[in-house]
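[1] 3D, please:
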Amino acid sequence: MKTKALTLALLLILPMMQLSAKKKPGYRNSDYKAGNFVLHNGKVYYEKLVSSAVPLSVAADKLGSKNAPQAGIQVKSSDSEAVKGVLIRKTFDWAAMGYKPKKLPLFARLPVNGNFELATTDQGKRIRVTDIWFTNQMKAGAGQHLTLENMVTKKGGFAFRKNKKVMRGLEMLDRGLSETFQIQGSGF
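    A predicted model of the protein is given here:
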């Protein structure tokens, strides 16, 4: 009698345990970090802390000097607390960094856009690039641009820390952004 009751209880509990085991937490409710990229509430942003003795006004001037007529960096505001601006169709020289064209994921081949902030914190200076998206020159037109979130999270699934090609692309983008915000004598 006890064996039948135990068997019946296991038969009822086992399917529920299997259902709960298959249920994966949604990435939108979780925080993940891959290098200097953070996935938080469905948004991916780049954040890096650096030690620097360069005042923000000098950093703003040097970042502004990296602007080009059709692409580059535009500083929108600068004060003693933060430098804010945008990346517009910023491209990186992957060949000079030693990356082979075959190894480049799609989004690494496209010009990068986004908002940036360089701010003073207790630990040094924080670089944060948000709203990162890529100008899709292969499919010009409205709605054809690719966001970083779409590139690292596949169709509602999760590829932020598991997909090798995505991780290589993030590593490359990390290196490109680090070099973009590198200012001579700053320790960046």
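[2] pLDDT below threshold where in the protein?
    1-31, 137-144, 154-163, 183-188 (pLDDT under 70).
[3] can you give me the strands in it?
    31-34, 37-40, 43-50, 72-78, 82-90, 112-121, 124-134, 146-147 (DSSP state E).
[4] partners of the shortest one in the sheet?
    Based on DSSP bridges, the pairing partners of strand 146-147 within the sheet are strand 124-134 (antiparallel).
[5] ditto for the fourth one
    Neighbouring strands of strand 72-78 in its sheet, by DSSP bridges, are strand 82-90 (antiparallel).
[6] what of the second one?
    Under the criterion DSSP bridges, strand 37-40 sits next to strand 31-34 (antiparallel), strand 43-50 (antiparallel) in its sheet.
[7] TSV for these, including distance to W94 and mean neighbour count?
    From N, CA and C alone the C-beta is placed, and that goes for glycine too. Formatted as TSV, the strands paired with strand 37-40 follow (distance: least, CB to CB, whole Å; neighbours: other CB atoms under 10 Å):
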stretch	distance to W94	mean neighbour count
strand 31-34	19	13
strand 43-50	17	18
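[8] from S80, how far out is the closest residue to L87 other than its chain neighbours?
    Spatial nearest neighbour of L87, excluding adjacent residues (CB to CB, 6 or more residues apart in numbering): G114 at 4.8 Å. In this view, G114 and S80 are 24 Å apart by CB to CB, to the nearest Å.
[9] who has more neighbours, these two?
    A direct count of neighbours by other CB atoms under 10 Å for G114 and S80 places G114 higher, at 21 against 8.
[10] how many residues are close by V83?
    V83: 23 surrounding residues under other CB under 10 Å.
[11] who are the contact partners of it?
    L56, A59, A60, L63, V75, S77, E117, L118, A119 (CB atoms under 8 Å, 6 or more residues apart in numbering).
[12] before we move on, what about E117?
    Counted by CB under 8 Å, 6+ apart, E117 has contacts A82, V83, K84, R126, I127, R128, T130.
[13] what bridges to the second one?
    Under the criterion DSSP bridges, V83 forms beta bridges with S78, L118.
[14] rewinding a little: for the residue nearest to L87, which residues are in contact?
    Here G114 is in contact with V86, L87, V129, T130, D131, I132, W133 (CB under 8 Å, 6+ apart).
[15] most neighbours among the residues you listed, please name it.
    V129 (26 neighbours).
[16] if I look at G35, how far off is V44?
    From G35 to V44 the distance is 11 Å (CB to CB).
[17] thinking again about what came up before, closest one to G169 among the strands paired with strand 37-40?
    Closest to G169 of those, according to CB to CB: strand 31-34, at 10.5 Å.
[18] what's the offset of the closest one from the middle of its chain?
    10 Å (CA atoms, centre = their mean, to the nearest Å).
[19] got it, and stretch 50-57?
    The answer for stretch 50-57 is 23 Å, by CA atoms, centre = their mean.
[20] what residues sit buried inside that stretch?
    Buried residues in stretch 50-57, counted by 16 or more other CB atoms under 10 Å: V50, S52, V54, L56.
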